[in-house]
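> Any chance you can model this:
(one chain, ligands or ions: 1)
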Amino acid sequence: KLDQKGSDHCLKMNDRFGFYLTKVAGIDNAHNLHAVHIKDILSTSMGNLQASAQFNYMFDIPWLIQQYPVEFRSKPLLIVHGMQRETKAEYDMAAMNYSNVKLCQAKMEIMYGTHHTKMMLLLYDNGMRVVITTANNIHQDWYQKTQGVWISPLFPKLDKGEASAGDSDTHFKKDLLEYLSAYKLNGLKEWQEHIKQHNMSSAKVFILGSVPGRHLGEKKTAFGHLKLRKILQEHGPSVSEVKGWPVVGQFSSIGSMGPNKDNWLCAEWRESLSTAKGLGGLRTADAPLKLIFPTKDNIRLSLEGYPAGASVPYSIHTAKKQQFLHEYFHQWRAEVQGRSRAMPHIKTYLRMSPDSKKIAWFAVTSSNLSKAAWGALEKKQSQLMIRSYEIGVLFLPQMFGAEKFFEVQDKECQNSGEFPVPYDLPPTPYTKQDRPWLWDIPYKDLPDTHGNMWCPS
Ligand SMILES: O=C(O)c1c[nH]c2c(Br)cccc2c1=O
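Residues are numbered from 1 along each chain as shown. So this is what the prediction gives:
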């Protein structure tokens, strides 16, 4: 149904980018017209499924199986996770009930790393699709949160030994294969083969992947924030066009940023996100930085109430070491999509014009604001150390036939080439009274949407 040129123009427009938000229960359904639920993605209307692979952090395996149409529930399913010890054992046990389900454990050889990557590889009888999302494979991630989903076009099978390697201008296929081969897992070989056998020349997004490791030499720019820097150096806006344009980061968790902004945030990280095309990819001088992260009251007054905060794991122990960060904070506001009360689990990054009417690029990814996800330069910047598996996609205007920039879609369901940014621009700064949501302290002063307080154990 997502591919048919139905009467609903919103669907068509959204087909343009393949970027959707997940359906939210409890809001006016007008805001869900071109949103997708996991059942829509796995539905028979998307293709006659033969096999699938589900990469994620959190799985409720029985719930996941239920999201497939009944006729697909016994097709081979590979689950790729990074869990260890008890949780790994839980997954193994749960999978025993399904003879078609195989598990693949990603190697986690660097401390504090996690397998955040959320991706579906869907093999049909007439091609395959790649889906990259921010939602875990559990009910509540697809219920009342703001989550992002990129759904690829249908990639047709290549004829035997067809000349073209079936890649796109964005090297989508090559980068996806490079990402998968970095797992070094025999269990993924069959899916690497499936990808090799499909024509992905219609992919217009760039892959932004992260894999654990100390990446140097050629590999230094293959992952993390240096991959984004490399793409922007080669294909980004020119320095003169985006001088002074703010960088916007929006995320649902925050790692330790080090002692001050010059340690990482406003150094290598902001340098990568503010990279423009030009002589050696000059960074535009100190782009203003706007960070969107839910306030305590955003969470308290949300559809889920305080329990939304269970998926926004910002710890007071980390927060108190980096009060400097809170100067950059902006509230979660998404009136444009009717999702101001659907707490963000989506993670997005963009470069915005000063009047917030245009964006130079947009990324949706599993990566939160952390060194673990984006990488930190080490050994005199000779290597990029990444702890976690992450994946996201980057949209550049010229890959979608736009002149220089994307116009920001500021009213829902606009039938045009405007980019559907999932929240209100310009972002709204925290008030003096606003505090960032912290998940590991009690809130007993004011009740939430459901009349409850928050008493984490
Ligand atoms: O990859 C993800 O999506 C997530 C990773 N870590 C989490 C923790 Br720790 C606590 C609560 C939620 C999440 C989460 O959603």
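> Around the residue of the stretch 101-250 of the chain found nearest the ligand, how many other residues sit close by?
The minimum distance from the stretch 101-250 of the chain to the ligand, using Cβ to the nearest ligand atom, falls at residue 116 (4.2 Å). Heads up, the C-betas are built off the backbone N, CA and C, glycines and all. Residue 116 is flanked by 27 other residues according to other Cβ atoms under 10 Å.
> Pop out the phi and psi values for it.
phi -80, psi -30 (degrees, to the nearest 10).
> For the residue in the stretch 351-457 of the chain that the ligand sits nearest to, report the pLDDT, please.
At 6.2 Å from the ligand, residue 366 is the closest residue in the stretch 351-457 of the chain, using Cβ to the nearest ligand atom. Per-residue confidence (pLDDT) for residue 366: 99.
> Confirm that residue 392 lies within a strand, as I assumed.
Yes: assessed by DSSP: H, G, I helix; E, B strand; the rest coil, residue 392 belongs to a strand.
> So residue 404 is in contact with residue 237, correct?
Yes: look at residue 404 against residue 237 with Cβ atoms under 8 Å: they come within range, at 6.8 Å.
> residues in contact with residue 54?
64, 77, 78, 79, 80, 119, 120, 137 (Cβ atoms under 8 Å, 6 or more residues apart in numbering).
> Redo the residues you listed as JSON lines? Include neighbour count and distance to residue 290.
What follows is the contacts of residue 54, written out as JSON lines (neighbours: other Cβ atoms under 10 Å; distance: Cβ to Cβ, whole Å):
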{"residue": "64", "neighbour count": "23", "distance to residue 290": "36"}
{"residue": "77", "neighbour count": "22", "distance to residue 290": "40"}
{"residue": "78", "neighbour count": "19", "distance to residue 290": "39"}
{"residue": "79", "neighbour count": "23", "distance to residue 290": "37"}
{"residue": "80", "neighbour count": "25", "distance to residue 290": "34"}
{"residue": "119", "neighbour count": "22", "distance to residue 290": "28"}
{"residue": "120", "neighbour count": "21", "distance to residue 290": "31"}
{"residue": "137", "neighbour count": "23", "distance to residue 290": "31"}
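> Can you flag which of these belong to helices?
residue 64 (DSSP state H).
> Beta-bridge partners for residue 129, please?
Taking DSSP bridges as the rule, residue 129 bridges to residue 122.
> ok, residue 441 - contacts?
316, 456.
> Assumed it was part of a strand.
No: counting by three-state DSSP, residue 441 is located in no strand; its state is coil.
> Distance of it relative to residue 433?
Distance of residue 441 to residue 433, given as Cβ to Cβ, to the nearest Å: 17 Å.
> again with residue 214
43 Å.
> Does residue 250 touch residue 328 like I think?
No: Residue 250 is beyond contact range of residue 328, at 11.6 Å (criterion: Cβ under 8 Å).
> Between these two, tell me which one has more neighbours.
residue 250 (26 against 20).
> Give me the pLDDT for that one.
99.
> which strand residues sit across from the closest residue to it other than its chain neighbours in the sheet?
Among residues not flanking residue 250 along the chain, residue 292 sits closest, at 3.9 Å (Cβ to Cβ, 6 or more residues apart in numbering). Judged by DSSP bridges, the bridge partners of residue 292 are residue 250, residue 330.
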